[in-house]
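> Coordinates only, no sequence provided:
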DNA sequence: ATGGCGTACACCGTACGA
């Protein structure tokens, strides 16, 4: 299974990029973040014409996540199911769970946090805490869980082009790093770091100041997998080329390949 | 260096992002 994740910064503005990327990388599952469209405004036809399956959790104007897949998508769940729909953490469409080939896949767009100490920052930390509780429940139900998306946290100094300048700022502050590590402590492995221990493997570059061309980036998009699945991860990397295309998203896609054949799928039913 | 970009929605600018 090849799984990719990409914050596209509007699926309508980036539709040609998404389709072009699909043709190039040919993932089985593509998690999208920041689709910035309500469900009816999602451009379904180009995907359905290609025989692809879709799960969409969108809202007007902001945020919104989706999953595109060549595999049938089962049991879609939007948001945190253990919280009421009107709960603040469920009012913004930032989380979508689906099952593809027996793997529970979560497409997540963690709040940005605005500034350390702000109300939005506290909201971001609460989101992390709740995601951890949700994961506990998911892992009990299936051993194969992937959480893929824009976590808006650079976990370590090697994930930041200028860690001294970024230290303590939003995206690279100690509370956010602790929240990210806390999430991993529920039993998740950062797939990229299994293969690439070096720094300068970023996934986001500011539009301003030609940051990408100077590789002044941060690694804030991640693919986290439960150990049973992470052991089967054969490769994980960042695709830089879409960031060079005309009118790009400010994020690059991340992908991971799992050695995961039909025989490895969790058994359905008992015994 | 709080902005130099970019998107959506709506208004001719504002909110938001990271």
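That came in fine, so what should we check first? This is a predicted model, so every value here is computed, not measured.

> Now residue A:251: closest residue in space, sequence neighbours ignored.
Nearest in space to residue A:251, with sequence neighbours left out and distances taken as CB to CB, 6 or more residues apart in numbering, is residue A:7 at 3.9 Å. In short, each C-beta sits where N, CA and C put it, glycine included.

> How many neighbouring residues does the one you found have?
If you count neighbours by other CB atoms under 10 Å, residue A:7 ends up with 25.

> next one: phi and psi at it?
phi -80, psi 110 (degrees, to the nearest 10).

> ok, now how distant is it from residue A:209?
Separation of residue A:7 from residue A:209 (CB to CB, to the nearest Å): 20 Å.

> Check residue A:53 too.
For residue A:53 relative to residue A:209 (CB to CB), the value is 39 Å.

> Between those two, point out the one with more neighbours.
More crowded of residue A:53 and residue A:209, by other CB under 10 Å: residue A:53, with 17 against 10.

> Is that one bridged to anything, and to what?
Assessed by DSSP bridges, residue A:53 has beta-bridge partners residue A:69.

> who touches it in this structure?
Each residue near residue A:53 by CB atoms under 8 Å, 6 or more residues apart in numbering is listed here: A:68-73.

> who wins for most neighbours among the residues you listed?
Going by other CB under 10 Å, residue A:68 tops the contacts of residue A:53 with 26 neighbours.

> pLDDT value on the nearest residue to that one once chain neighbours are set aside, please?
Leaving out its chain neighbours, the residue that sits closest to residue A:68 by CB to CB, 6+ apart is residue A:30, at 4.5 Å. With respect to pLDDT, residue A:30 scores 98.

> I'd say residue A:112 and residue A:176 touch.
No: if you go by CB atoms under 8 Å, residue A:112 and residue A:176 don't touch, sitting 10.6 Å apart.
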